[in-house]
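Engineer: Sharing a sequence plus its predicted fold:
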Amino acid sequence: MPKAVIMHLASGAATTAALSFTHPPFSLLRRRVRLRPRLHKSPLSPTPVWATPLFHCSPSVPRHLLLAPYDLSSAAAGGGISAELLQDAGATALVMAGAYSLVSAFDNLTQNNLIEQSLSRKLVHILSGLLFVASWPIFSTSIEARYFASLVPLVNCLRLVIHGLSLATDEGLIKSVTREGKPEELLRGPLYYVLILISCALLFWRESPIGVISLAMMCGGDGVADIMGRRFGSLKLPYNQKKSWAGSISMFVFGFLVSIGMLYYFSALGYFQMDLVWTVERVALVSLVATVVESLPITGVVDDNISVPLASMVTAFLSFG
């Protein structure tokens, strides 16, 4: 074969090889873009969402310039509202609406003379605190959750201060939560009550049995003791003629039962573990101490809404650690 022909064929083969290296055949391109789909999770769906990545036709395009599937979770973390914030805000609005509806319902019952003022006051005392504690699990696991929950009694605290100072008038509120129907009474027992709710939520929250027991004794124990004492309290205590055996026994029994029930409720939801025998013994001790403190003739010095939960806190702290 002539030398010129050999050189021509050699140069053609080199050119073809170079073109094949820089521009691969279409069959190779098809093989290259058959990538495994990349799995990413969407915050809008609990199940994984399959997204096929965009492919490129030239190996010369830098990898960082290629388009990628849009990640909604990173966008929410970068500038959106977090799911915990939305959950806590919604839970706060729900609990606040429930608390307002509860007090308004008893206001109407009292104004229409369908229920006695003293009974209405104590039912609000019992139900509002226990329902507030029972609502804690609907808040998120964030650190700020307890502060959102505390907004509910804080709003009621401001409401009591405004009406207690006669800056505004609400006869239904005064009749439903006071003994004698005087606005200044709102600044004593009812105000101490909501301050204890705020303190237990901020200091103990739902991971500690101390706050749960303290509120159960103040709401369930002390509240039922007053109702039972008024109905069946003819036999008075020897050291306090304003308290009765029926009221003190009811205080111990119902404070104990409500505390155990609330502890079981939070334990079932996984906030803490509860050994039944060990817990019963310590809750019984807390109930006994709270009952003795409630029966003492010190109401004129220290309100029951302060003495009972504080005694319960100290005893529960020493018992549970």
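Structural biologist: Cool, got the structure.

Engineer: pretty sure L269 is touching P137, no?
Structural biologist: Yes - contact criterion CB atoms under 8 Å: L269 and P137 qualify, at 5.4 Å. (Each C-beta comes from the backbone N, C-alpha and C, glycine too.)

Engineer: where along the stretch 201-321 of the chain do the helices fall?
Structural biologist: Ranges of helices within the stretch 201-321 of the chain are 209-216, 222-232, 245-268, 276-295, 304-320, based on DSSP state H, counting those that start in this stretch.

Engineer: Quick one: closest of those helices to E116.
Structural biologist: For E116, the closest of those is helix 222-232, at 9.4 Å, according to CB to CB.

Engineer: I'd like the average pLDDT over the closest one.
Structural biologist: Throughout helix 222-232, pLDDT has a mean value of 92.

Engineer: same thing with stretch 194-206?
Structural biologist: For stretch 194-206, mean pLDDT is 95.

Engineer: residues in contact with it?
Structural biologist: 129, 132-133, 136-137, 145-147, 149-150, 153-154, 156-157, 160, 210-212, 214-215, 218, 266, 271, 305-306, 309 (CB atoms under 8 Å, 6 or more residues apart in numbering).

Engineer: Run a quick neighbour tally on the closest residue to L296 other than its chain neighbours.
Structural biologist: Counting by CB to CB, 6 or more residues apart in numbering, N240 is the residue found nearest to L296 once chain neighbours are left out, at 6.7 Å. N240 sits with 15 neighbouring residues when counted by other CB atoms under 10 Å.

Engineer: N240 contacts S295, doesn't it?
Structural biologist: Yes - using CB under 8 Å, N240 makes contact with S295 at a distance of 5.9 Å.

Engineer: How many residues are close by N112?
Structural biologist: 8.

Engineer: Check the one 5 residues further on too.
Structural biologist: Other residues near Q117 come to 20 when the count uses other CB under 10 Å.

Engineer: Can you check the pLDDT for it?
Structural biologist: pLDDT, Q117: 79.

Engineer: isn't it right next to L173, touching?
Structural biologist: No - between Q117 and L173 there is no contact under CB under 8 Å: 11.9 Å.
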